[in-house]
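In: below are the sequence and a predicted model; questions follow.
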Amino acid sequence: QVQLVESGGGLVQAGGSLRLSCAASGRTFSSSAMGWFRRAPGKEREFVAAINWSAELKYYADSVKGRFTISRDNAKNTVSLQMNSLKPEDTAVYYCAAKSGPPTLRATYDYWGQGTQVTVSS
């Protein structure tokens, strides 16, 4: 079992930055692939970024590549998403997710957090 709690969301102006964090509990975190997904109002949930257990492999959606950076600290059981150059279209609820095995871009993760709201004003 892995419990996930996101934090760091908020309201920011376009061009600004936010750093989301996901705190995980459970002894399998260090072996879990982690992902960030988001859901904007009226839209389907979409993949944002993912990282494998060792942080050697990182994947990003084209829409955030070059602006967002995913990282993890297995000693602290945390995964982070640094978001720079934010755009109004990044407005969404952001979810942290965990799964065993390799990371995927599909929402086939075993555990999900409750989400944190990110709002980017123009």
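Out: Arrived safely.
In: ramachandran angles for the residue nearest to residue 17 when sequence neighbours are not counted?
Out: Spatial nearest neighbour of residue 17, chain neighbours left out: residue 84 (4.7 Å); criterion: CB to CB, 6 or more residues apart in numbering. (Each C-beta comes from the backbone N, C-alpha and C, glycine too.) For residue 84, the backbone dihedrals are phi -110, psi 160 (criterion: degrees, to the nearest 10).
In: quick one: pLDDT of residue 53?
Out: Here the pLDDT value assigned to residue 53 is 94.
In: hang on, I meant residue 42
Out: 94.
In: list the residues that contact it.
Out: Not one residue lies near residue 42 by CB atoms under 8 Å, 6 or more residues apart in numbering.
In: nearest spatial neighbour of the residue nearest in space to the middle of the chain, skipping sequence neighbours?
Out: By CA atoms, centre = their mean, the chain has its centre lying nearest to residue 36, at 2.5 Å. Closest residue to residue 36 apart from its sequence neighbours, by CB to CB, 6+ apart: residue 48 at 4.3 Å.
In: helix/strand/coil for that neighbour?
Out: Assigned by DSSP: H, G, I helix; E, B strand; the rest coil, the conformation of residue 48 is strand.
In: what sits against it?
Out: Contact analysis of residue 48 by CB under 8 Å, 6+ apart lists 35, 36, 37, 38, 60, 61, 64, 68, 81, 94.
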